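**Student:** Requesting a structural model of the entry that follows:
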Amino acid sequence: MKMFTIQWILNGCGLEGGSITGGPVRFHEISRRWQSLHPATKQRLMTTPGGKKMLSGMGCEIPATIVRASLVLRHEPFRAFRFWSYIISAISGRRAVKSLESPDVVITVSDYFCDIVPALAFKRRMPGCRWVAWIHHRELPPAQRPGNRAVNTLTWKMQEWSLRRIARHADSAWVYDTDAGDLVKARLLAFGMDPGRIRIMRCGINLRQIADAPSPVKTFDAAMVGVRPNKGLYDIIPIWEKVLTMRPGTTLRLMGGMSGEAGMLAEIKSRGLGDFIVPFKPDGGFLPAEQYYAKLKEARILFAPSHEEGWGMAVCEAMAAGLPVAAYDLPVYKRIYGNAFRAVPCFDHDKFAEAIVSLLDVQSEFESFRERGLACAEKYDWDEIAKDDSKSLLCS
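**Tutor:** Okay, the predicted model is just below:
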């Protein structure tokens, strides 16, 4: 019997692997469980130097073809360079397809065009292989997103290009059961994709690993995981200044991947907030999962000022770790987590500061949201999700 071969494509990390996002996490959690569920299945990976670094830190052992993300440089000199690295990776990935054996299925981990271009090359050269496209989020129109307008316009147009190709050429598109997923599905249908080729996928967390991680002494009042413009980068300082006015000495630890944070860190220092807002960057850029969960548990609550989310993995991990969550009342959060988090009217800094202080100082409120969060997180387990994904992939 011919061995079943899966070709993963994950080229969106460029040269840097320090910012871990939901797509790579989902890839790692699903692929490693498939290795146990189907040991006879062969898995291969196409990624960039940054992707290889990030995934190696996460413990990924899938054999990888490394495609270029730069002509000369080894590190990204500035944030906008990532777009140029996407172009290089798309070209390099397309060329790499020529030297790879035909897989049974190609899975693109994102809708970035540097993943889509090699997938299209596989379909052209090896028409017998299937293409499954994972889509984690929907880019909002440029005027609706915080950050640089030109960058937002570019990313929005890039996704439009990718969705059009996915609708025409992918055998299946997997989207989340969220409002963002609904928007993606609607766009794919508008581009002519058959509804039967669109599947709902779920996200999850390592429930057992989080529960088993040590519970150290609480050293911070709050933690924030993932520091980027769309995750609330520009909300941190104004909200925390209001928190400190109401509750002097309240501390915040910034964790996870950071992007565009240099200006914010300089402003933290210039405003005299360095003792209260503290970035945490582990040596080497990564923490093993158990250490990460233990570090998360050093905070009392999770501060989640994200403006847009594909699913909100950090929120669910915090809930499972026993941290009450304060977050903007995003539709995706309401749909997934219901009343398990302390909802704040969208982008109201005053209300957010009040919610943080209330969670920290009102014990009954703290305990209520802690218990709701723990119960909600129990519904999401990577083990079960990997089994569902496997059935859909291998039985179709």
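**Student:** Got phi/psi on Asp221?
**Tutor:** Per-residue torsions, Asp221: phi -70, psi -40 (degrees, to the nearest 10).
**Student:** which residues of this structure fall in strands?
**Tutor:** Remark: strands assigned in the chain by DSSP state E are 5-10, 42-47, 64-66, 105-108, 130-135, 172-176, 198-201, 220-227, 252-258, 277-279, 299-304, 325-328, 342-344.
**Student:** least reliable of the ones you listed going by mean pLDDT?
**Tutor:** Lowest mean pLDDT within those: strand 252-258, at a mean of 86.
**Student:** Which elements pack onto it?
**Tutor:** The contact analysis (3 or more Cβ pairs under 8 Å, 6 or more residues apart in numbering; DSSP states H and E) places strand 252-258 against strand 220-227, helix 236-246, strand 277-279. Just so you know, the C-beta spots here come from the backbone N, C-alpha and C atoms, and that holds for glycine as well.
**Student:** Deepest in the core, which of the ones you listed is it.
**Tutor:** Most buried of the helices and strands packed on strand 252-258, by mean neighbour count (mean count of other Cβ atoms under 10 Å): strand 220-227, with a mean of 23.
**Student:** so how far is that one from its chain's centroid?
**Tutor:** 16 Å (Cα atoms, centre = their mean, to the nearest Å).
**Student:** can you check stretch 252-264 too?
**Tutor:** Stretch 252-264 sits 15 Å away from the centroid of its parent chain (Cα atoms, centre = their mean).
**Student:** Quote the end-to-end distance of that stretch.
**Tutor:** Counting by Cα to Cα, to the nearest Å, you get 14 Å between the two ends of stretch 252-264.
**Student:** give me every residue that touches Met313.
**Tutor:** Gly22, Val25, Cys203, Ile205 (Cβ atoms under 8 Å, 6 or more residues apart in numbering).
**Student:** top of those residues by neighbour count?
**Tutor:** Most neighbours among these, by other Cβ atoms under 10 Å: Ile205, with 24 neighbours.
**Student:** can you pull the contacts of that residue?
**Tutor:** Neighbours of Ile205 in contact, by Cβ under 8 Å, 6+ apart: Met313, Cys316, Glu317, Ala320, Ala377, Tyr380, Asp381, Trp382.
**Student:** list the contacts for the residue nearest to Asp383 when sequence neighbours are not counted?
**Tutor:** The spatially closest residue to Asp383, leaving aside those adjacent along the chain, is Arg33, at 6.6 Å (Cβ to Cβ, 6 or more residues apart in numbering). Listed by Cβ under 8 Å, 6+ apart, the contact partners of Arg33 are Trp382, Asp383, Ala386, Lys387, Ser390.
**Student:** doesn't Leu37 make contact with the fourth one?
**Tutor:** Yes: checked against Cβ atoms under 8 Å, the pair Lys387 and Leu37 is within contact range at 6.9 Å.
**Student:** Could you chop the chain up by domain?
**Tutor:** With automatic domain parsing as the criterion, the domains of the chain are listed as 5-204+381-395, 207-377.
**Student:** what's the closest non-adjacent residue to Met193?
**Tutor:** Leaving aside its chain neighbours, Met193 sits nearest to Ala167 (3.8 Å; criterion: Cβ to Cβ, 6+ apart).
**Student:** Quick check: the gap between the one you found and Asp111.
**Tutor:** The gap separating Ala167 from Asp111 is 11 Å, by Cβ to Cβ, to the nearest Å.
**Student:** repeat for Ser56
**Tutor:** Distance of Ser56 to Asp111, given as Cβ to Cβ: 24 Å.
**Student:** got any ranges where the stretch 251-396 of the chain has weak pLDDT?
**Tutor:** Counting by pLDDT under 70, the stretch 251-396 of the chain has low-confidence residues at 257, 259-260, 284-286, 395-396.
**Student:** make it 80
**Tutor:** For the stretch 251-396 of the chain, the stretches with pLDDT under 80 are 256-262, 283-287, 310, 394-396.
**Student:** so where do the helices sit in it?
**Tutor:** Along the stretch 251-396 of the chain, the stretches classed as helices by DSSP state H, counting those that start in this stretch are 262-270, 289-296, 313-320, 331-337, 349-361, 363-377, 382-395.
**Student:** and what of the stretch 101-250 of the chain?
**Tutor:** 113-125, 149-169, 179-190, 207-212, 236-246.
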